[in-house]
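Novice: sequence and predicted structure below; questions after.
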Amino acid sequence: MEQHSRRPPNSASPPSAQRSSMPTGSDRTPRAALLVVDVQNDFLPGGALPVPEGDAVIAPINRLMPLFEEVVASRDWHPPNHGSFASQHPGHRVGDVVELNGLPQVLWPDHCVQGTVGAEYAPGLNTSAITHEVLKGTDPGIDSYSAFFDNGHRRSTGLDDYLRRHGIDTVFVTGLATDYCVKATALDAARLGYRTYLVEDACRGVDLHPGDVQRAIEEMRAAGVRVVRTEDVPRVLRGLREMSRNAQD
Ligand code: VGL
Ligand code: ZN
């Protein structure tokens, strides 16, 4: 799977840092990363696979970005013949579950096709704050909800290595959709040993079956994911810095 580091080494902090009323500069913790999952046109109202109120995540994510030195964004980046597309399974419809190379696969409308407008970041998202990008779902034979691994945990996207290389031990997960890619990303992060926070109001879900979003949140909680709100994050980050200072003393 492909990935790009957009920030040249030793580059200045993103311009967004100056615009927020939230703490910046020396107040930042070097050990936490913001994960922005699949905030792409096709997941917004009016897109190919619209998440209800999907556009509501943009403002809170933009407010969170200046609090983090590392902002990792994932994008769903499918080839036109991706096996998660109902169009590739004659006789099946969107929402059907089929078997794809040994794994259950929900069928979706064609979405986030590589290079299309639908795969671009949502308008208004502060993409200049993004320090690293993960492109996922590139193999037509397997879907990849998580930003860490494909759905069979067969291949890594390199995100775990990237975070470890940058000394990250804590992640705050945001984006779309709560009951698919956000959930899979948060569960993998927790399993990999990251202290994992879900920023509840900076996520929205599909809710294909009513209750899916609530169940996803409960499943994350049960796996040790801490559920917070955007306005809690500065306080949580202060607490983490306090903890690491005490550990050094
Ligand atoms: C997603 C369904 C299909 C997501 C991606 O980003 O949550 N959901 N592909
Ligand atoms: Zn997809």
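Specialist: Noted; the coordinates are in hand. Ligands and ions are numbered 1, 2, ... in the order given.
Novice: against which helices or strands is the longest helix along the chain packed?
Specialist: If you go by DSSP state H, the chain has its longest helix at helix 233-248. Contacts defined by 3 or more Cβ pairs under 8 Å, 6 or more residues apart in numbering; DSSP states H and E place helix 233-248 against strand 29-37, strand 195-204. Yep, even glycine has a C-beta here, placed from its N, CA and C like the rest.
Novice: what about the strands in the protein?
Specialist: 3-5, 29-37, 68-76, 97-100, 103-106, 132-136, 170-176, 195-204, 226-228 (DSSP state E).
Novice: using JSON lines, lay out these together with mean neighbour count and distance to residue 88.
Specialist: Listed next are those as JSON lines, based on neighbours: other Cβ atoms under 10 Å; distance: least, Cβ to Cβ, whole Å:
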{"stretch": "strand 3-5", "mean neighbour count": "13", "distance to residue 88": "25"}
{"stretch": "strand 29-37", "mean neighbour count": "25", "distance to residue 88": "24"}
{"stretch": "strand 68-76", "mean neighbour count": "25", "distance to residue 88": "16"}
{"stretch": "strand 97-100", "mean neighbour count": "14", "distance to residue 88": "9"}
{"stretch": "strand 103-106", "mean neighbour count": "15", "distance to residue 88": "10"}
{"stretch": "strand 132-136", "mean neighbour count": "23", "distance to residue 88": "18"}
{"stretch": "strand 170-176", "mean neighbour count": "28", "distance to residue 88": "22"}
{"stretch": "strand 195-204", "mean neighbour count": "24", "distance to residue 88": "26"}
{"stretch": "strand 226-228", "mean neighbour count": "16", "distance to residue 88": "36"}
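Novice: what would the ones you listed look like in CSV with distance to ligand 1 and mean pLDDT?
Specialist: Formatted as CSV, the strands of the chain follow (distance: least, Cβ to the nearest ligand atom, whole Å; pLDDT from 0 to 100):
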stretch, distance to ligand 1, mean pLDDT
strand 3-5, 17, 53
strand 29-37, 6, 87
strand 68-76, 5, 97
strand 97-100, 12, 97
strand 103-106, 7, 97
strand 132-136, 9, 98
strand 170-176, 5, 98
strand 195-204, 10, 98
strand 226-228, 18, 98
